[in-house]
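**Q** Below are the sequence and a predicted model for it; my questions follow.
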Amino acid sequence: MRSLKVRFALLLGGTAIVVMLAAAAALAAIGAAERTVDRTLEAQRRLELLAELSGRLTQFGMAAVETVGNPDGQPEAMAIARDNADRALTTVDEALAKSFPPSDDPADRMQYAARTRPMAQLRAARAVLDRQVSLISRQTDPERRQDAIKGALNGFGAMTGQPLSFLIEAERRSMALGSEQARALSERLRLAAAAAVAAALVLLAILYRGVTRPTLARIEEVRRAASAIGHGALDTRLSVATRDELGLLMTNVNRMAARLARRESRVAADRAALEDTVAARTADLRAANARLEAVDQSRRRFFADVSHELRTPLTVILGECDLALRGASRGADPNPVFATIKKRAQRLKLRVEDLLRVARSESGEIEFDKRRLGLAQLLAEAVDNMSSEAARRRVGLGLGLDPGTRDVECLADREWIRQTVESLVDNALRHAAGLTRVEVALAAGPGPVGRITVTDDGPGFSASEADLFERFRRGSGAGPDETGFGIGLALARWIVEQHGGTIRLGAGPDGRGARVTLDIPALDPAWDAGPVDGATGGQVKESAA
């Protein structure tokens, strides 16, 4: 057999034959047992009917005695007893007819005749007694009637006793025979079941040794080979002894192992080349990173040095301008040249201060003086400081505080938060074209935060939020004042994040204008750390590093 399909078909066919034979034997045994039980039950039923017939005949004899002994009595008792006896005889005849169906077998006919002959004798005895009772009832002498009825009853008993005994004994023998047949059938069924079990075990053992065990052994060999190949033993090979389905599977496993071995060798070579390339590129990246770190360090030093070097002469220039302006104010009108110099020097000083803060934030030299403060007062101060610049640019600047909303308290550096808000207002004033109003507002929540918003009615942000938060990144919109280095938003985000908050850019109401939202963590109202913005309580100094 060269195919597993044929083998498994034989296995299934043999199992089906065994099952069918077992089912047929079980059905035959059940049928034989049912027939035996039915014959036994019928014999028992006939025996019960014979017992009832005996009682009816006895009742008929007693009714005859009462009729003869009491001629003036009711004759209905004799008639009722006669009808009961006739019905009992008819019932027994019908039961005997069912137990012996019509057959051409002489033995069956003899048995039926042997059973029906006693029944005829019983009917004759009943008829004879009935006639004798009629004759005896006509005699007038009581003594003769008593003697006659005794003789009639004795004759009736002699005529019915033997046939009834014969029929009862015959039914008892039938029941005994049925019991013996049932026991014999049970014994044969046990032997047949044992033989069937033995035959099934032998057949299954033959099928197992011839089909199942060799197939399972080869499948186990394939499993072990696949496991070995999966663990990296790519030189594993299977011996192909047959050309059936398992043989083809083993051949495919061998081919797969060979292909995997060739691919593994190529992968190893590619891995070695890749590792060499990665090592070379890693060395290049380390060198480039070292160069970038050196450049970044030089940039930080440059900003710090430039800021420091520029701040000192700017301070001197501003001081001299103030002296000159005060001297000029005593006489004629101040010299407009000094006023222009002072305005430009102040603007340059602001930019230098921004550069210096950036350099300090990157080098970790800033320390925050965090105190418990109220944001409403801080925003009012920032708006007041920027009101003159807003008035100069003819832009309305307002502070939006809900009268029913309580102040929001937080732990923060007052100067840095105020400078951040002022920087955002200054950004709006300098870069928003067509600006007419800037609104600074404070709200609580959602959550334990204080929300500060700076909203304007300008053209809004033209670049993405991530780009505008990059240092030295400036928006593309043409604002009224394009001076500055593009570090205001970057520095504001850094300050807010150092306070544990967030900053977001978005559109104003109805999608018009621009809005900057600052969320500063608020203090729990139940927490008491001393007076708000006090000099003695709630002070926390942190390094920005």
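**A** Perfect, thanks for sending it.
**Q** Can you give the distance of the strand or helix carrying residue 164 from its chain's centre?
**A** Secondary structure assignment for residue 164, by DSSP states H and E: helix 142-207. Remark: helix 142-207 is offset 67 Å from the chain centroid, using Cα atoms, centre = their mean, to the nearest Å.
**Q** mind listing what's buried in the helix or strand following that helix?
**A** Downstream of helix 142-207, the first helix or strand assigned by DSSP H and E is helix 213-230. For helix 213-230, the neighbour count (16 or more other Cβ atoms under 10 Å) marks 215, 218, 225, 229 as buried. For glycine as for every other residue, the C-beta is placed from the backbone atoms N, C-alpha and C.
**Q** What segments of the stretch 401-545 of the chain are strands?
**A** Here the stretch 401-545 of the chain has its strands, by DSSP state E, counting those that start in this stretch, at 409-413, 437-444, 449-456, 502-507, 514-521, 540-543.
**Q** tell me the mean pLDDT over the last one?
**A** Mean per-residue pLDDT for strand 540-543: 48.
**Q** Going forward, the N-terminal residue is numbered 362.
**A** New numbering, starting at 362: the last item is strand 901-904.
**Q** Any idea which helix or strand in this structure has the lowest mean pLDDT?
**A** For the chain, counting by mean pLDDT, DSSP states H and E, strand 901-904 ranks last in confidence among helices and strands (a mean of 48).
**Q** Give me the contacts around stretch 483-498.
**A** 414, 418, 421-422, 425, 428-429, 432, 439, 443, 446-447, 450, 506, 509-510, 513-514, 516-517, 520-521, 524-525 (Cβ atoms under 8 Å, 6 or more residues apart in numbering).
**Q** pLDDT averaged over that stretch - what is it?
**A** Taken as a whole, stretch 483-498 has an average pLDDT of 79.
**Q** Then stretch 571-582?
**A** Mean predicted lDDT for stretch 571-582 stands at 78.
**Q** Check stretch 447-455 too.
**A** For stretch 447-455, the mean pLDDT works out to 82.
**Q** How about stretch 521-533?
**A** Rounded mean pLDDT across stretch 521-533 is 80.
**Q** Ok, stretch 629-639 next?
**A** Here stretch 629-639 scores 91 as its mean pLDDT.
**Q** Pull out the buried members of the contacts of stretch 483-498.
**A** Judged by 16+ other Cβ under 10 Å, buried ones among these: 414, 418, 421-422, 425, 428-429, 439, 443, 446, 450, 506, 509-510, 513-514, 517, 520-521, 524-525.
**Q** Give me the buried stretch members for stretch 790-801, please.
**A** By 16+ other Cβ under 10 Å, the buried positions in stretch 790-801 come out as 790, 791, 792, 793, 796, 799, 800, 801.
**Q** My error: substitute stretch 757-776 in the last question.
**A** So for stretch 757-776, counting by 16+ other Cβ under 10 Å, buried means 758, 762, 769, 770, 771, 772, 773, 774.
**Q** Tabulate those in JSON lines, adding columns for distance to residue 858.
**A** Below are those laid out as JSON lines (distance: Cβ to Cβ, whole Å):
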{"residue": "758", "distance to residue 858": "26"}
{"residue": "762", "distance to residue 858": "25"}
{"residue": "769", "distance to residue 858": "19"}
{"residue": "770", "distance to residue 858": "20"}
{"residue": "771", "distance to residue 858": "14"}
{"residue": "772", "distance to residue 858": "15"}
{"residue": "773", "distance to residue 858": "12"}
{"residue": "774", "distance to residue 858": "13"}
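**Q** can you put those residues in JSON lines and add pLDDT and distance to residue 610?
**A** Shown next, in JSON lines, are the buried residues of stretch 757-776 (pLDDT from 0 to 100; distance: Cβ to Cβ, whole Å):
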{"residue": "758", "pLDDT": "92", "distance to residue 610": "85"}
{"residue": "762", "pLDDT": "79", "distance to residue 610": "82"}
{"residue": "769", "pLDDT": "87", "distance to residue 610": "75"}
{"residue": "770", "pLDDT": "90", "distance to residue 610": "78"}
{"residue": "771", "pLDDT": "91", "distance to residue 610": "74"}
{"residue": "772", "pLDDT": "92", "distance to residue 610": "73"}
{"residue": "773", "pLDDT": "92", "distance to residue 610": "74"}
{"residue": "774", "pLDDT": "89", "distance to residue 610": "76"}
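**Q** Farthest-apart pair in those, please.
**A** Distance extremes for the buried residues of stretch 757-776: the farthest pair is 758 and 772 at 27.5 Å, using Cβ to Cβ.
**Q** Contact partners for residue 876?
**A** By Cβ under 8 Å, 6+ apart, the contact list for residue 876 reads 814, 815, 816, 817, 866, 867, 868, 869.
**Q** pLDDT wise, what is the first one at?
**A** What it means is residue 814. So residue 814 comes in at 92 (pLDDT).
**Q** So it versus residue 767, what's the distance?
**A** Using Cβ to Cβ, to the nearest Å, one gets 18 Å for the distance from residue 814 to residue 767.
**Q** repeat for residue 630
**A** Residue 630 is 73 Å from residue 767, by Cβ to Cβ.
**Q** now swap in residue 593 and tell me
**A** Residue 593 is 71 Å from residue 767, by Cβ to Cβ.
**Q** and what of residue 498?
**A** Taking Cβ to Cβ, one finds residue 498 at 132 Å from residue 767.
**Q** Could you do residue 579 as well?
**A** From residue 579 to residue 767 the distance is 85 Å (Cβ to Cβ).
**Q** got the contact list for residue 600?
**A** By Cβ under 8 Å, 6+ apart, the contact set of residue 600 is residue 611.
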